[in-house]
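1. Please find the sequence and the predicted model below.
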Amino acid sequence: MDVSRPAVSQHLRVLKAARLVTDRAEGTRRLYTVDPTGIEVLRTWLDGFWEEALTAFKEAAEREAVKEMKNRKTKKRRDGRPRRGTGHTCRQPPRIF
């Protein structure tokens with residue numbers, strides 16, 4: 001990897017401050033390991049964040065769909081007459097052979 005030691009050390013300090021990793025001294029080195037408790041807390045927060053974001057997105061999409069349906073119902077054709085429905089408009093029932 002093309003990353004300097006100071007950059008790696010800085011990132012590890014940030015991860016340690018966020019309680020995502022723990023460290024221990026071994027001779028002149030420090031060994032870092034993932035802290036499962038910190039990862040679980042992060043996972044719980046992310047799940048809540050995405051749940052809120054997706055719920056808000058769903059509600060916004062539903063509001064837009066309602067607006068679109070209202071706009072379609074009230075739009076007029078170019079000649080000024082209201083649009084007709086797209087359903088079956090024949091007055092007689094279809095023949096069954």
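-> Received it, and whenever you're ready, just let me know what you need. Numbering: from 1, shown residues only.
2. Please count neighbours and contacts with C-alpha atoms only from this point.
-> OK.
3. OK, contacts around residue 31?
-> Neighbour list for residue 31: 23-25 [criterion: C-alpha atoms under 8 Å, 6 or more residues apart in numbering].
4. Next one: it from residue 9, what distance?
-> 11 Å (C-alpha to C-alpha, to the nearest Å).
5. And residue 73, by the same measure?
-> Taking C-alpha to C-alpha, one finds residue 73 at 62 Å from residue 9.
6. Residue 22: what's it in contact with?
-> Counted by C-alpha under 8 Å, 6+ apart, residue 22 has contacts 16, 32-35.
7. May I ask which helix or strand of this structure has the lowest mean pLDDT?
-> helix 36-74 (a mean of 92; mean pLDDT, DSSP states H and E).
8. Distance from the chain centre to that helix, please.
-> Computed by C-alpha atoms, centre = their mean, to the nearest Å, the chain-centroid distance of helix 36-74 equals 7 Å.
9. So for that helix, what gets flagged as buried?
-> residue 38 (16 or more other C-alpha atoms under 10 Å).
10. could you say what helices and strands that helix packs with?
-> Here helix 36-74 touches no other helix or strand, going by 3 or more C-alpha pairs under 8 Å, 6 or more residues apart in numbering; DSSP states H and E.
11. hey, C-alpha coordinates of whichever strand or helix holds residue 12 in PDB?
-> For residue 12, the host element (DSSP states H and E) is helix 5-17. Taking C-alpha atoms only, helix 5-17 is exported to PDB below (Å, rounded to 0.1, in the frame of the first residue of the first chain):
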ATOM      1  CA  ARG A   5       3.200   5.400   8.500                       C
ATOM      2  CA  PRO A   6       2.000   8.700  10.000                       C
ATOM      3  CA  ALA A   7      -1.200   8.500   7.900                       C
ATOM      4  CA  VAL A   8      -1.800   4.900   9.100                       C
ATOM      5  CA  SER A   9      -1.100   5.900  12.700                       C
ATOM      6  CA  GLN A  10      -3.600   8.800  12.400                       C
ATOM      7  CA  HIS A  11      -6.300   6.600  11.100                       C
ATOM      8  CA  LEU A  12      -5.700   4.100  13.800                       C
ATOM      9  CA  ARG A  13      -6.000   6.800  16.400                       C
ATOM     10  CA  VAL A  14      -9.300   7.900  15.000                       C
ATOM     11  CA  LEU A  15     -10.600   4.300  15.000                       C
ATOM     12  CA  LYS A  16      -9.400   3.900  18.600                       C
ATOM     13  CA  ALA A  17     -11.100   7.200  19.700                       C
END
